[in-house]
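sharing a sequence plus its predicted fold:
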Amino acid sequence: MKKISYILLATCMLFGTACEEWLDVNTNIDAPDYVDDYLYLAGVQSIYEDILFDLRYIAPLAQMWSSPGNGDYPVHWAPLNNTLDVGQTLWRTVYFNHGMNLDNMMRQAKEQEHWTLVGMAYVMKAHGWDMLTKIYGEAPLKQFLDPNRTEFDYDYQEEIYESVREWALEGIKYLEMGDNTNYGTKLTANDFIYQGNPDKWKKFAYAILVRNLASLTNKSDFTSKYADKLIEYAGKSFESSADDAMVKITGSTTISAYNNPWGTYRGNLGLSYFQSDYAVQLMTGTVPKLDPNKDRTKILPDDDAPQAEKDRAKYYGYELEPIQIICDTIIATPGHYDPRAAAKLATADNPTFTGIDDVNIVKRYQFYGGASVTGRTNPINLVLTPHFYGRTGDVVGITGSLPTDGMGRYLFHNQAPYVLSTYAEMRFCVAEAYWKKGDKANAYSAFIEGIKADMDFTQGQLRPGTAVTAATAAQGGDKINSAAFRTLADEYIAGPYVEGLGAANLTLSHIMMQKWCALWSWGGIEAWVDLRKYHYDLAYTGDYPTASNGGWGVDRKVDHKAENDPNRVFKGFYLPAARNVEFRNLTFNTLNQGPMYRFRPRHNSEYAWNVEKLKLIKPIPGTADYYHCSIPWFAYPNDLPNE
């Protein structure tokens, strides 16, 4: 808004003098009060990096990461006085960075009949609010752009969900309108996702609709109200991994902010974030057999066992669950090894990057994950869990010039994109919907398509390292090249865990755990959604949390469904407070009423300025000590309690 002298303005009005030149004296070319609609794009899209900042706190809740340097969220505690706004960046993104900017872009584009831009604005708004409500639950929506308010009423999640769908459909409507504007390079240069391609943006809009409805699969009315729409929208969404929604990053060796926040250059993952033991167990087929009455059992294979199995037992020799969902340890047999482990997970093996084109060398890599959600030590304590960049020591050169560790690997690369949604995610959502409808044949087809799509996506993110004679000369990168990955991927797809599984053997666990692997680690928000809607596979009583009885254990611990329970979805998943489970067996905070189901709203806006409205949220006020344990509408089977 222009800073105009009201005295000068009154003088001009009073005397009728020409004041055009005088009124321009406060125009600041470095901080304009008006910019063209297309110029909002770059700023709005670049701020998507905030997703990666908040995933540092969300991913540990889905046990994708261990986080020794962040003790609160991994153990399901969200302090009331979060004055540093830890884990609340996306709240600021939607309300501040996107809020009025998207509104201005949309309004100006409508005035000039720039229908493609209008549609893009609606789609980005839908995407932001879909993420926001899944993380925080209730939020001010109807009033948040009202400049005359200092307090804002909270809207309930069911209403926000409906608004997300309305905005996505509105975006599709505008993207389908004939737009005769000659944008030149205005869109190709400022749209870092699809370079202004309206057909691609339409597919992204449908992907948002699919994702929105996929979070409702455990609602009692899902099959009657939402399932068919989800499948319909998915048919109009991404057609292959070429349609994946990603913000492209150019990278820079001189300007830190031009790089991915997870890359080596910016150092945001430091020494506080490591892959979890659960991620390693799933992707290597080593989910252990757990006896609630004792620790895991260490075993060694028979003397006549394959050498590869003996090698694996040396570093992860626990008795395993007899049925593995993703893959298994018989890595000598084609089709039993999942190459996504070598691409997605970090390993301290092969520091000189030799033989990354040799599938037999790649298969022998050994992977470790933090055994505790707040620890770096792996289950057998042989070596420290390697850093995301593939080493056990510090990351060298994360400030200053180009790091001697190179540009990073996989999605932890300086030039890696910000991934927003993928074709693989869509196919797993469809598979789950068909499963809920009782259509196992179509569920199985979508399941296979999802795995194939994630293989394509993963292969596309590889940036192989270069072989050297000494580890000190290595410049980092992925420890498998594209050709070796494709060979192993094709073997895996043809093997017993994908095309050899058969529709009759398909379970919901197969669908959801493959989706979890496909979401690792860029999709931590949706992975946490899936865990919450299935209530972390707890022996859940159905009670809504209250101050006196949350339906959980009175000793601040919880019991999970047995591994052989047909209703258990995420095999091997145990919360930190799982009773009598090795490497878990912690206790919830004394103020908790069960596990964490939501983040608190941003402290420095809501708890500082809007606290009276927070108190009015039902059934649990936002000011309650255990508000973070309040089950959101999407995860509650029926309507929320009124009181």
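Perfect, I can see it now. Residues are numbered from 1 along each chain as shown.

remind me which residues of the stretch 201-350 of the chain are low pLDDT?
291-295, 298-301, 308-309, 311-316 (pLDDT under 70).

the same query, at a cut-off of 80, please.
Within the stretch 201-350 of the chain, the segments meeting pLDDT under 80 span 270-271, 290-318, 329-332.

how about the strands in this protein?
For the chain, strands defined by DSSP state E occupy the ranges 65-66, 245-247, 274-275, 408-409, 412-413, 418-421.

which helices and strands does the fifth one pack with?
Applying 3 or more Cβ pairs under 8 Å, 6 or more residues apart in numbering; DSSP states H and E, one finds that strand 412-413 makes contact with no other helix or strand. Every residue, glycine included, has its C-beta placed from N, CA and C.

how far off centre is it?
Averaging C-alpha positions (Cα atoms, centre = their mean, to the nearest Å) puts strand 412-413 15 Å from its chain's average.

in its sheet, what does it sit against?
strand 408-409 (antiparallel) (DSSP bridges).

re the thing from before, same list, the strands of the chain, but as a markdown table with mean neighbour count and distance to Lys229 please.
Shown next, in a markdown table, are these (neighbours: other Cβ atoms under 10 Å; distance: least, Cβ to Cβ, whole Å):
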| stretch | mean neighbour count | distance to Lys229 |
| --- | --- | --- |
| strand 65-66 | 28 | 33 |
| strand 245-247 | 21 | 20 |
| strand 274-275 | 27 | 36 |
| strand 408-409 | 28 | 39 |
| strand 412-413 | 26 | 36 |
| strand 418-421 | 23 | 17 |
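
dump those strands into JSON lines; add distance to Leu141 as well.
As requested, the strands of the chain are exported to JSON lines (distance: least, Cβ to Cβ, whole Å):
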{"stretch": "strand 65-66", "distance to Leu141": "31"}
{"stretch": "strand 245-247", "distance to Leu141": "23"}
{"stretch": "strand 274-275", "distance to Leu141": "36"}
{"stretch": "strand 408-409", "distance to Leu141": "37"}
{"stretch": "strand 412-413", "distance to Leu141": "34"}
{"stretch": "strand 418-421", "distance to Leu141": "21"}
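
looking at those, which is nearest to Phe144?
strand 418-421 (22.5 Å; Cβ to Cβ).

tabulate the CA atom coordinates of that closest one in PDB.
Extracted in PDB, the C-alpha atoms of strand 418-421 (Å, rounded to 0.1, in the frame of the first residue of the first chain):
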ATOM      1  CA  TYR A 418      10.800 -30.300  -4.100                       C
ATOM      2  CA  VAL A 419       8.400 -33.200  -4.700                       C
ATOM      3  CA  LEU A 420       4.700 -32.300  -4.300                       C
ATOM      4  CA  SER A 421       2.900 -35.400  -5.600                       C
END
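
who does that strand pair up with?
By DSSP bridges, strand 418-421 pairs with strand 245-247 (antiparallel).

sorry, back to before: indicate which one of the strands of the chain is closest to Gly495.
Closest approach to Gly495 among those is made by strand 274-275 (24.0 Å; Cβ to Cβ).

any weak-confidence spans in the stretch 51-200 of the chain?
In the stretch 51-200 of the chain, residues with pLDDT under 80: 68-71.

what are the ranges of the helices in it?
With DSSP state H, counting those that start in this stretch as the criterion, the stretch 51-200 of the chain has helices at 89-92, 99-111, 115-136, 157-175, 198-214.

possible to save those helices as JSON lines with mean neighbour count and distance to Leu52?
Output for the helices of the stretch 51-200 of the chain, formatted as JSON lines (neighbours: other Cβ under 10 Å; distance: least, Cβ to Cβ, whole Å):
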{"stretch": "helix 89-92", "mean neighbour count": "22", "distance to Leu52": "9"}
{"stretch": "helix 99-111", "mean neighbour count": "18", "distance to Leu52": "20"}
{"stretch": "helix 115-136", "mean neighbour count": "25", "distance to Leu52": "12"}
{"stretch": "helix 157-175", "mean neighbour count": "20", "distance to Leu52": "22"}
{"stretch": "helix 198-214", "mean neighbour count": "24", "distance to Leu52": "18"}
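
can you redo those helices as a markdown table with distance to Gly235?
Formatted as a markdown table, those follow (distance: least, Cβ to Cβ, whole Å):
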| stretch | distance to Gly235 |
| --- | --- |
| helix 89-92 | 29 |
| helix 99-111 | 28 |
| helix 115-136 | 18 |
| helix 157-175 | 14 |
| helix 198-214 | 8 |
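
of those, which is nearest Phe599?
helix 115-136 (5.2 Å).

what bridges to the nearest residue to Trp522 once chain neighbours are set aside?
Among residues not flanking Trp522 along the chain, Val419 sits closest, at 3.9 Å (Cβ to Cβ, 6 or more residues apart in numbering). Under DSSP bridges, the beta-bridge partners of Val419 are Met246.

who's in contact with Val419?
For Val419, the contacting residues are Asp244, Ala245, Met246, Leu411, Trp522, Gly523, by Cβ atoms under 8 Å, 6 or more residues apart in numbering.

gap between it and Leu55?
11 Å (Cβ to Cβ, to the nearest Å).

and for those two, which residues touch both?
In contact with both Val419 and Leu55: Trp522, using Cβ under 8 Å, 6+ apart.

now do the buried residues in stretch 525-542.
Neighbour-count burial for stretch 525-542, counted by 16 or more other Cβ atoms under 10 Å, picks out 525-538, 540.

for Val529, give me its contacts.
Contacts of Val529 were listed using Cβ under 8 Å, 6+ apart, and they are Lys134, Ser215, Phe634.

number of residues surrounding the second one?
The local packing count at Ser215 equals 24, with neighbours defined by other Cβ atoms under 10 Å.

you'd agree it is up against Trp528?
No. Counting by Cβ atoms under 8 Å, Ser215 stays clear of Trp528, with 10.3 Å between them.

and the helices in the stretch 501-643 of the chain?
Counting by DSSP H, counting those that start in this stretch, the stretch 501-643 of the chain has helices at residues 508-519, 524-533, 608-609, 611-614.

turn these into CSV, including mean pLDDT and distance to Pro595.
Shown next, in CSV, are the helices of the stretch 501-643 of the chain (pLDDT from 0 to 100; distance: least, Cβ to Cβ, whole Å):
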stretch, mean pLDDT, distance to Pro595
helix 508-519, 98, 17
helix 524-533, 97, 8
helix 608-609, 94, 27
helix 611-614, 97, 21
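
I'd like those helices as CSV, with distance to Ala109 appended.
Output for the helices of the stretch 501-643 of the chain, formatted as CSV (distance: least, Cβ to Cβ, whole Å):
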stretch, distance to Ala109
helix 508-519, 33
helix 524-533, 28
helix 608-609, 31
helix 611-614, 32
